[in-house]
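whatever this is, show me its structure:
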Amino acid sequence: MSCDFRGNDLSNARTSGELCSKKCSETQGCTHFAWNQYNGGTCWMKSGAVSKNDAFSTNDPNMACGVIENSNSEWVRVWEDNFDWNGGIDPNRWEFDVGGGGW
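Residues are numbered from 1 along each chain as shown. Below you'll find the predicted structure:
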């Protein structure tokens with residue numbers, strides 16, 4: 001379906017249209033998305049309460065959009081690239097950044 005959602009842009013990533021839904025579901029805070037061919041293929045991840053009825057039709061036959069139905073993923077916020085997904089120090093990155101073995 002050639003569709004889009006207005007506003008609520010969270011982030012974007014270059015990816016194929018087939019992987020946009022997956023990319024959104026893996027991105028914290030992403031509740032819906034739109035994909036177009038910009039820059040070789042861009043997934044526009046969006047946030048906020050929305051339903052499929054909020055989508056509007058576009059004239060671009062290659063554009064697609066969707067809503068993530070279940071966003072019950074548990075997330076660990078990683079604020080700095082020196083940490084792994086569990087919140088612990090990543091020794092490879094830590095050593096690269098500061099030239100030492102961590103603490």
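
residue 41 reaches residue 13, doesn't it?
No: using C-beta atoms under 8 Å, residue 41 is not in contact with residue 13, being 9.5 Å away. All C-beta atoms are positioned from the backbone trio N, CA, C, and that covers glycine.

which residues of the protein fall in strands?
Remark: strands assigned in the chain by DSSP state E are 3-4, 9-14, 32-36, 42-46, 56-57, 64-67.

below-threshold pLDDT in the protein: ranges please.
Regions of the chain meeting the criterion pLDDT under 70 cover residues 1, 70-103.

please tell me how far the closest residue to residue 58 other than its chain neighbours sits from residue 29.
Spatially, and ignoring its direct neighbours in sequence, residue 58 is nearest to residue 2 (4.7 Å; C-beta to C-beta, 6 or more residues apart in numbering). Distance of residue 2 to residue 29, given as C-beta to C-beta, to the nearest Å: 25 Å.

over to residue 15?
The value you get for residue 15 to residue 29, if C-beta to C-beta is used, is 17 Å.

and the two? Which one has more around it.
residue 15 (16 against 13; other C-beta atoms under 10 Å).

which ones are touching that one?
Residues near residue 15 by C-beta atoms under 8 Å, 6 or more residues apart in numbering: 23, 35, 41-43.

how about residue 4?
Taking C-beta under 8 Å, 6+ apart, we find residue 4 in contact with 34, 36, 55-56, 58, 63, 65.

of those residues, closest to residue 6?
residue 56 (7.1 Å; C-beta to C-beta).

tell me what that closest one is bridged to.
On the basis of DSSP bridges, residue 56 is bridged to residue 4.

and the gap between residue 8 and residue 40?
24 Å.

and the two? Which one has more around it.
Between residue 8 and residue 40, counted using other C-beta under 10 Å, residue 8 has the larger neighbour count: 16 against 8.

so the more buried one makes contact with residue 45?
No: using C-beta under 8 Å, residue 8 makes no contact with residue 45, being 9.5 Å away.

who touches both of these two?
Common neighbours of residue 8 and residue 45 (C-beta under 8 Å, 6+ apart) do not exist.
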